[in-house]
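Chemist: Provided below for reference: sequence and predicted model.
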Amino acid sequence: MSRLFLRRRLLAASALSLLPWLPGCAGDDKDEGDRPSSGQPPSDEDRDRLARSYGDEHLTSQQLDPRMVRLVARGVDTPHLLMRGNAPIDGDRFEYDALIDALRQAAGDAWPARFRIVDVSLMNEIAEATAVDAERRYWAAHPGRGRFIHHPLFGALSDPADYPAFLRLMIERWSGLDRMGDLLRQLQALLQTPTGDGIANVVFVHCRAGRDRTGQAIASYGMRYLGRSYREAIADAEQVAGRALVRFSRYGIAWYAHQLADRDQVPTIGPIP
């Protein structure tokens with residue numbers, strides 16, 4: 001019995017108990033009638049491990065960094081903007097004025113005369129509760145300025161390249177912790193749906209440092225809606241981050257790329273190492 005065969009058997013046995021969440025952001029939530037017949041949900045310990053892997057970001061991301069704020073996409077026949085950056089948090093205070101200044105500068109001529117902010121936070125409440133609470137409190141107190149969407153991202157613990165194709169395809173059928181398909185559909189609806197009052201949605205997506213989880217979300221959006229290949233999406237994310245993404249975010253992007261190529265037959269994904 002070859003070592004390769006034994007390795008694949010061990011991977012298969014391990015994956016069967018983790019199928020519902022291994023991909024991290026492998027795709028859309030399953031329909032009610034398509035639930036797995038076996039496997040366990042992610043344990044609190046494993047979820048915490050992923051969440052706390054981003055906990056040190058506050059050490060290098062104390063305040064909003066205007067250099068991290070970028071325009072990602074503009075609406076088609078709408079004035080809406082999709083933008084990215086790092087957390088507009090100073091201690092336990094939400095930096096609205098600094099955020100608006102940075103967004104306006106990054107958007108340039110695309111900046112709308114009338115706008116509302118849609119603050120999409122990818123941070124989690126396990127390691128970043130103070131920052132998330134600051135955002136939630138701010139928008140509760142200032143509903144006329146916009147609204148808050150909390151969609152924590154965790155990435156994935158496993159690399160899809162470690163699995164034989166038949167097993168990877170099986171894992172792709174299960175939703176992961178990130179529910180990336182849900183997040184991207186929401187972003188696209190906010191960007192492309194006209195508003196009755198003519199006020200532009202400025203959709204601001206961020207994690208703490210604006211690099212890894214934000215890079216994962218925007219890379220996935222680029223592959224799904226902007227025609228980016230996997231390699232282009234990774235290159236863009238790393239150019240903004242100024243370094244390689246942490247492995248959990250890289251794995252999350254790779255799982256989502258496989259889901260787009262294998263399940264959704266998106267032709268632009270290209271090679272996925």
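Modeler: Noted; the coordinates are in hand.
Chemist: CA only for contacts and neighbour counts going forward, please
Modeler: Noted.
Chemist: what pLDDT does Gly91 get?
Modeler: pLDDT recorded at Gly91 is 89.
Chemist: no no, Glu172
Modeler: Glu172 is assigned 87 on the pLDDT scale.
Chemist: my guess is it meets Trp255, correct?
Modeler: Yes. At 7.4 Å, Glu172 counts as touching Trp255 under the criterion of CA atoms under 8 Å.
Chemist: out of these two, which sits in the more crowded spot?
Modeler: Neighbour totals were compared for Glu172 and Trp255, and Trp255 leads with 30 against 27 (other CA atoms under 10 Å).
Chemist: Surely that one touches Ser158?
Modeler: No. Using CA under 8 Å, Trp255 is not in contact with Ser158, being 9.1 Å away.
Chemist: so Arg84 bridges to which residues?
Modeler: Arg70, Val205 (DSSP bridges).
Chemist: Which residues are in contact with it?
Modeler: 68-72, 204-206, 210, 214, 218 (CA atoms under 8 Å, 6 or more residues apart in numbering).
Chemist: repeat that for 10 Å
Modeler: 68-73, 103, 106, 120, 203-207, 210-211, 214-215, 217-218 (CA atoms under 10 Å, 6 or more residues apart in numbering).
Chemist: tell me which element Ala113 is part of?
Modeler: Here Ala113 is covered by no helix or strand, with elements defined by DSSP states H and E.
Chemist: neighbours of it, just the number please.
Modeler: Applying other CA under 10 Å, we find 8 residues neighbouring Ala113.
Chemist: Can you list phi and psi of it for me?
Modeler: Main-chain torsions, Ala113, degrees, to the nearest 10: phi -70, psi -40.
Chemist: A strand includes Ala217, no?
Modeler: No. Looking at Ala217 with DSSP: H, G, I helix; E, B strand; the rest coil, it is helix, so not inside a strand.
Chemist: pretty sure it contacts Leu153?
Modeler: Yes. Counting by CA atoms under 10 Å, Leu153 is a contact partner of Ala217 at 8.3 Å.
Chemist: all helices for the stretch 51-200 of the chain, in order.
Modeler: Using DSSP state H, counting those that start in this stretch, the helices found in the stretch 51-200 of the chain span residues 96-107, 129-141, 165-171, 180-192.
Chemist: elements contacting the last one?
Modeler: This means helix 180-192. Helices and strands touching helix 180-192, by 3 or more CA pairs under 10 Å, 6 or more residues apart in numbering; DSSP states H and E, are strand 70-74, strand 81-85, strand 115-121, strand 146-150, strand 200-206, helix 212-225, helix 247-262.
Chemist: Just send those back as a markdown table, with distance to Val240 too.
Modeler: Shown next, in a markdown table, are the helices and strands packed on helix 180-192 (distance: least, CA to CA, whole Å):
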| stretch | distance to Val240 |
| --- | --- |
| strand 70-74 | 9 |
| strand 81-85 | 10 |
| strand 115-121 | 18 |
| strand 146-150 | 23 |
| strand 200-206 | 13 |
| helix 212-225 | 8 |
| helix 247-262 | 14 |
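Chemist: Save the ones you listed as TSV, and put in mean pLDDT and distance to Gln192 too.
Modeler: Shown next, in TSV, are those (pLDDT from 0 to 100; distance: least, CA to CA, whole Å):
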stretch	mean pLDDT	distance to Gln192
strand 70-74	98	8
strand 81-85	98	9
strand 115-121	98	14
strand 146-150	98	17
strand 200-206	98	10
helix 212-225	98	11
helix 247-262	96	21
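Chemist: No more questions from me, cheers.
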